[in-house]
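Asker: Generate a structure from the sequence data that follows.
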Amino acid sequence: MKFVILIGPQAVGKMTVGQELEKLTGLKLFHNHMTIDLVSRYFDFGTPEGQKLVENLRFEFFQAFAASDQPGFIFTLMWCFDDPDDRVFIEHITKVFEDQNADVYWIELETDFEERLIRNRSENRLAHKPSKRNVEKSESHLVKTYKQYRLNSHVGEIQRHNYIKIENTNLGAQETAKQIQSFIGL
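Answerer: Below you'll find the predicted structure:
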């Protein structure tokens, strides 16, 4: 089994690249907004109840999937490198899969801020992420997190065998997905 984690800030292209990677590899995409948008209909994601419910849903899914005979899947996630809890979360979900002898890949995407502002308004993003359809609110959050947090790693910060960082400002989703496909050997 292969578990591919696509890491990067908002509107870097994680979901769109994941969609293309799904087409190329047959691995199923589980983008992070699938749980966020589900829970947000009932609890604000920023509330303790909302965050706990999203986390519980994800872990139940990860545990069930890791124990299955599926070939693998793709998960997307924004990692705040300033928050040690984010590293703990990623290490924890990695362990769930590694404990089942899965090959785990951390794929980090990095895109210029100006390009992320453009991608934040893309038709595909708005079609698949209901919580992003209030574009002004989404853009405000994107700008706020850009100023407040470090959402990409420093050179050499991630020391994993199955890790790659792709600067995809000038790459299309399919081109980026092909690089990932080659890296994971599918």
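
Asker: can you give me the helices in this protein?
Answerer: 14-25, 33-40, 48-66, 84-98, 113-119, 123-128, 135-148, 173-184 (DSSP state H).

Asker: Just name the most buried of these.
Answerer: The highest mean neighbour count among the helices of the chain, using mean count of other Cβ atoms under 10 Å, belongs to helix 14-25: a mean of 22. All C-beta atoms are positioned from the backbone trio N, CA, C, and that covers glycine.

Asker: Could you give the separation of that one from the chain centroid?
Answerer: 11 Å (Cα atoms, centre = their mean, to the nearest Å).

Asker: Flag whichever of the helices of the chain has the least confidence on average.
Answerer: Lowest mean pLDDT within those: helix 123-128, a mean of 76.

Asker: circling back: save the helices of the chain as JSON lines, and put in distance to residue 160 too.
Answerer: Putting the helices of the chain into JSON lines (distance: least, Cβ to Cβ, whole Å) gives the following:
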{"stretch": "helix 14-25", "distance to residue 160": "18"}
{"stretch": "helix 33-40", "distance to residue 160": "24"}
{"stretch": "helix 48-66", "distance to residue 160": "18"}
{"stretch": "helix 84-98", "distance to residue 160": "9"}
{"stretch": "helix 113-119", "distance to residue 160": "25"}
{"stretch": "helix 123-128", "distance to residue 160": "28"}
{"stretch": "helix 135-148", "distance to residue 160": "24"}
{"stretch": "helix 173-184", "distance to residue 160": "12"}
